[in-house]
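Participant: sequence and predicted model, in that order:
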Amino acid sequence: MTSLTARTTGATDAQLFLSIHHDSVQPRYLPVANQFAGYSLFVSRKNVDPKGSLACARAIADHLLALGRRPTPHHAEAIPGENRPVADAQRGIYWFDDLVVLRTAQQPAVLFEAGVIVNPNEEAMLANDQARRAIAGAVARGVEACLGGRALESRR
């Protein structure tokens, strides 16, 4: 897809728009990137359903925490490129109101960053099939919890 809005308009029948990524750090932190680890979740107050977006992010975070994953707090740091308002610090959820895919989705939307890939330990963990499957399972269980069983019904 050539534009970010094409991604959201192509998903109009979905019950949740979930965008999956890896994380990085600001250039000034690259020499010490191994100090940054964990997942992050982002939602937008400009989404058509910000409460639903936040509820889904919370459900996903709860399952990631149960898996033993921890959120990274660096997105709240008051520096250019970060400075994201915190929606739920314990769960690693941030507001990113003008992110195109979150703002333009026609359903609840969550952006998930699975880990800080510039940290060599996180990179190795994310390269491990078993770890990726465990993270994917936690995310899937969170989505299922959020959608209240509707996710499986729509696949039948």
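Facilitator: Arrived safely, thanks for sending. Residues are numbered from 1 along each chain as shown.

Participant: so the residue nearest the centre of the chain, which of the three states?
Facilitator: Residue closest to the mean C-alpha point of the chain, counted by Cα atoms, centre = their mean, is Phe112 at 1.5 Å. With DSSP: H, G, I helix; E, B strand; the rest coil as the basis, the three-state label of Phe112 is strand.

Participant: quick one: it and Leu41 touch, right?
Facilitator: Yes. Between Phe112 and Leu41 there is a contact at 5.6 Å, judged by Cβ atoms under 8 Å. Any C-beta I mention is one placed from the backbone N, CA and C, and that applies to glycine too.

Participant: mutual contacts of those two, please.
Facilitator: Applying Cβ atoms under 8 Å, 6 or more residues apart in numbering, one finds that Phe112 and Leu41 are jointly contacted by Ile60.

Participant: Ala87 is in contact with Ser40, isn't it?
Facilitator: No. Here Ala87 lies out of contact with Ser40, judged by Cβ under 8 Å, at a distance of 10.9 Å.
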